[in-house]
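1. just a sequence and a predicted model for now, questions to come.
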Amino acid sequence: MADDGVFIKNADIAVKAGANVNATAITVAETDKYVLNVEAFINIASRYNWSDAFATLNVDVAEFLTDIGAALCAIYAIEYDMSGFSSRAEAESMIVVLRDSALRGLQFLRDKKTQDFINGAWF
């Protein structure tokens, strides 16, 4: 899989995790472990297989999925080793912000009306 999933890219994970994240936590070897789990989680949680439909989605929807997935993967990266942050509280604050962002996105993906809108936006 190299360093990318279907809709989550390694570079997006690094950006979301921030400058203080442990460099090992965002290597391809580590993020490969997160990406498949997170993409499967998003598909299952929203009861829709975004991975299979991804190639047909417009750029707005594709970026939305990438943003949600990268946020969830970044949580794994921060949890891997919090020692680069000025304090555990700083790392935990990052996790809370990422979690809230991902939950907000998942809320929309779970909504069947949103899925109908997205399906209508396919190219």
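-> The structure has been received and is ready for your questions.

2. report the helix or strand with the lowest average pLDDT across the protein.
-> Among the helices and strands of the chain, helix 112-120 carries the lowest confidence by mean pLDDT, DSSP states H and E, at a mean of 72.

3. helices of the protein, start to end?
-> Taking DSSP state H, the helices of the chain run over residues 10-17, 28-46, 50-53, 59-80, 88-110, 112-120.

4. rank those helices by pLDDT, which is bottom?
-> Looking at the helices of the chain, the lowest mean pLDDT belongs to helix 112-120 (a mean of 72).

5. what about A29, neighbour count?
-> 8 (other C-beta atoms under 10 Å). For glycine as for every other residue, the C-beta is placed from the backbone atoms N, C-alpha and C.

6. my bad, should have said E63
-> 13.

7. going forward, begin numbering at 622 instead of 1
-> I'll keep to 622 as the first residue from here, and by that count the last item is E684.

8. only alpha carbons, please: show stretch 701-708 as PDB.
-> C-alpha atoms of stretch 701-708 as PDB (Å, rounded to 0.1, in the frame of the first residue of the first chain):
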ATOM      1  CA  TYR A 701       2.300   6.600  19.900                       C
ATOM      2  CA  ASP A 702       4.700   8.900  21.800                       C
ATOM      3  CA  MET A 703       3.700  12.200  23.500                       C
ATOM      4  CA  SER A 704       7.200  13.100  24.600                       C
ATOM      5  CA  GLY A 705       7.700  15.700  21.800                       C
ATOM      6  CA  PHE A 706       5.000  17.900  23.200                       C
ATOM      7  CA  SER A 707       5.700  20.400  25.800                       C
ATOM      8  CA  SER A 708       3.400  18.600  28.200                       C
END
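
9. buried residues, that stretch. List them.
-> Buried positions in stretch 701-708, judged by neighbour count with 16 or more other C-beta atoms under 10 Å: 701, 703, 705-706.

10. repeat that for stretch 666-683.
-> 667, 669, 671-672, 674-675, 678, 682-683.

11. quick revisit: could you dump the buried residues of stretch 701-708 to TSV with distance to V649?
-> Below are the buried residues of stretch 701-708 laid out as TSV (distance: C-beta to C-beta, whole Å):
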residue	distance to V649
Y701	14
M703	21
G705	19
F706	22
